[in-house]
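Peer 1: this is a predicted model, with the sequence first.
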Amino acid sequence: MSEPLSATVEGPIPLSRDARIIAVVGFAHLVSHFFHLIIAPLFPWLREEFGYSFAELGFVMTVFFFASGAFQAVAGFVVDRFGPGGTLIGGLLCLSVGALGFSLSDSYAGLLIAAAISGLGNSVFHPVDFSLLNARVSEPRLGPAYSVHGMTGSLGWAFAPVFLVGFATPFGWRFALAAAALVPLSVIAVLLFNRDLLTVTTQQTPDKPSEPSSSATSMAFLRHKEIWWCFAFFVFVSGAIGASQNFAPSIFSAVYGLAVQPAAMSVTTMMLGSAIGMGFGGWLVVKSRKLERNISIALALAGLSAVLIGLGALTPLIALVLMGVLGFGLGLSGPSRDMLIRSATPVGATGRVYGVVYSGLDVGIALAPVAFGGMMDRGYFGEVFFGIAACMVFSIFTAWRVAKTDGV
């Protein structure tokens, strides 16, 4: 097996070597986020064919993220024990099977089963990704690596509505989902071609002091309070993301009078803004190590944009622009967020920590469709964005608690 580059190679590490692992991990991360929106852009077609309510359709994605969150902590242990390569390929295969299952579903139960399979596949990505990045990327390039990782996730979110609506409009929703089943297979091909990158011997965070071996071999890391504040942060910020992704198109149709395809661009605009924000966020981490302050400024910008959109007093164009600003704020916070989590991670427990912490992302996105779907069914469209802004406020609070607890 290959030794972690950041820990074993003397002297400067070539940019090309770091760039290769960053690119491969980023491509896989893009597909993970693509599948976060595997159903939401198709809600209009599913409502027309099956007559499901927003809450019922939202619950399909709740099952997806519940399965992802439930297995993500387990996936972290699997990665630490058996390595990231096979774990990642197994997850991608589950995503492909899940998408095919969605396309063949003729009942609500079929949609739920496909969601559970897809969620299982999604559970592996963050433990795998951060284990690889932290072990294989040189220390000076970790900030930009986190930035690229976040950007590719945002691009996956942005790409999903375009891909799915683009295929569903002429060919139907089943064809769109069948086509989506091919996307993870393309990543597997790339991984097999670059399989030398997918083995590590040590999960180590170089800038943290050594800790007793029990931290690396047991559940000891769960006693760290900052881990749970990180978890709470993800619950709130992902609740805001989940509400936006699932319901922004329907809200833009109801409040701003946009047709299906222009309304779907609200999510794409948000995610493109997020990708740009991630790029600036990597620069911000290099310039300022006050991570909790970086996060606060970024999420305050996103929350203010959400409030303005929710008021419903804007033109559709300005509201769409503010969706981009909202996404920019979320993206800007990303690299600082990931560095904050890294600072709280005990040596030898990278996969487990990221598995537990990022399961908070799944919990938040799982709860959002049910909580905010009920508001949608009652006609509280603009108020959903006020709820999104409230999630931002709670996220800022938890970020400061992480910093205070960990002494960042």
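Peer 2: Perfect, I can see it now. Residues are numbered from 1 along each chain as shown.

Peer 1: which residues of the stretch 51-200 of the chain fall in helices?
Peer 2: Using DSSP state H, counting those that start in this stretch, the helices assigned to the stretch 51-200 of the chain run over residues 54-82, 84-104, 108-122, 125-136, 142-171, 173-180, 183-193.

Peer 1: please identify the deepest-packed of those.
Peer 2: Among the helices of the stretch 51-200 of the chain, ranked by average contacts under mean count of other Cβ atoms under 10 Å, first place goes to helix 125-136 (a mean of 28). (Each C-beta comes from the backbone N, C-alpha and C, glycine too.)

Peer 1: so, low pLDDT: which residues of the stretch 51-200 of the chain?
Peer 2: 200 (pLDDT under 70).

Peer 1: actually the stretch 251-400 of the chain, not the one I wrote
Peer 2: Scanning the stretch 251-400 of the chain with the threshold set as pLDDT under 70 gives 344-351.

Peer 1: show me where it has its helices.
Peer 2: Using DSSP H, counting those that start in this stretch, the helices of the stretch 251-400 of the chain run over residues 260-287, 291-311, 316-343, 350-377, 381-406.

Peer 1: please identify the buried residues of the fourth one?
Peer 2: This means helix 350-377. Under the neighbour-count criterion of 16 or more other Cβ atoms under 10 Å, helix 350-377 has 350-373, 375-376 buried.

Peer 1: same deal with the second one?
Peer 2: By 16+ other Cβ under 10 Å, the buried positions in helix 291-311 come out as 291-292, 294-310.

Peer 1: now that helix - C-alpha only, PDB.
Peer 2: Provided in PDB are the C-alpha atoms of helix 291-311 (Å, rounded to 0.1, in the frame of the first residue of the first chain):
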ATOM      1  CA  LEU A 291     -12.700  30.000  10.900                       C
ATOM      2  CA  GLU A 292     -15.800  30.700  13.000                       C
ATOM      3  CA  ARG A 293     -15.700  34.400  11.900                       C
ATOM      4  CA  ASN A 294     -15.400  33.300   8.300                       C
ATOM      5  CA  ILE A 295     -18.400  31.000   8.600                       C
ATOM      6  CA  SER A 296     -20.500  33.700  10.400                       C
ATOM      7  CA  ILE A 297     -20.000  36.300   7.700                       C
ATOM      8  CA  ALA A 298     -20.700  33.800   4.900                       C
ATOM      9  CA  LEU A 299     -23.900  32.400   6.500                       C
ATOM     10  CA  ALA A 300     -25.200  35.800   7.500                       C
ATOM     11  CA  LEU A 301     -25.000  36.800   3.800                       C
ATOM     12  CA  ALA A 302     -26.900  33.600   2.900                       C
ATOM     13  CA  GLY A 303     -29.600  34.100   5.600                       C
ATOM     14  CA  LEU A 304     -30.200  37.700   4.500                       C
ATOM     15  CA  SER A 305     -30.700  36.600   0.900                       C
ATOM     16  CA  ALA A 306     -33.200  34.000   2.100                       C
ATOM     17  CA  VAL A 307     -35.300  36.600   4.000                       C
ATOM     18  CA  LEU A 308     -35.400  38.900   1.000                       C
ATOM     19  CA  ILE A 309     -36.500  36.000  -1.300                       C
ATOM     20  CA  GLY A 310     -39.200  34.900   1.200                       C
ATOM     21  CA  LEU A 311     -40.800  38.400   1.300                       C
END
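
Peer 1: wait, which of the helices of the stretch 251-400 of the chain is closest to Gly121?
Peer 2: Proximity to Gly121 (Cβ to Cβ) singles out helix 350-377 among the helices of the stretch 251-400 of the chain, at 12.4 Å.

Peer 1: between helix 108-122 and that closest one, find me the angle.
Peer 2: Angle, helix 350-377 to helix 108-122, by axes from the mean of the first three to the mean of the last three Cα atoms, to 10 degrees: 150 degrees.

Peer 1: helices or strands up against helix 350-377?
Peer 2: Helices and strands touching helix 350-377, by 3 or more Cβ pairs under 8 Å, 6 or more residues apart in numbering; DSSP states H and E, are helix 54-82, helix 125-136, helix 225-256, helix 316-343, helix 381-406.

Peer 1: could I get the ones you listed as CSV with distance to Leu30?
Peer 2: As requested, those are exported to CSV (distance: least, Cβ to Cβ, whole Å):
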stretch, distance to Leu30
helix 54-82, 16
helix 125-136, 10
helix 225-256, 15
helix 316-343, 14
helix 381-406, 24
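
Peer 1: out of these, nearest to Ala168?
Peer 2: Closest among those, using Cβ to Cβ: helix 225-256, at 12.8 Å.

Peer 1: and the closest one, what's buried?
Peer 2: Judged by neighbour count (16+ other Cβ under 10 Å), helix 225-256 contains these buried residues: 226-256.

Peer 1: of all the helices of the stretch 51-200 of the chain, which lies closest to Leu284?
Peer 2: Of all the helices of the stretch 51-200 of the chain, it is helix 142-171 that lies closest to Leu284, at 8.9 Å by Cβ to Cβ.

Peer 1: any idea how far the closest one is from the middle of the chain?
Peer 2: Here helix 142-171 is found 11 Å from its chain centre; the criterion is Cα atoms, centre = their mean, to the nearest Å.

Peer 1: go on, stretch 270-279?
Peer 2: Offset of stretch 270-279 from its chain centre (Cα atoms, centre = their mean): 13 Å.

Peer 1: wait, Leu88 touches Phe125, no?
Peer 2: Yes. Counting by Cβ atoms under 8 Å, Leu88 does reach Phe125; the two are 7.4 Å apart.

Peer 1: what do the two both touch?
Peer 2: Taking Cβ atoms under 8 Å, 6 or more residues apart in numbering as the contact rule, Leu88 and Phe125 both touch Ala28.
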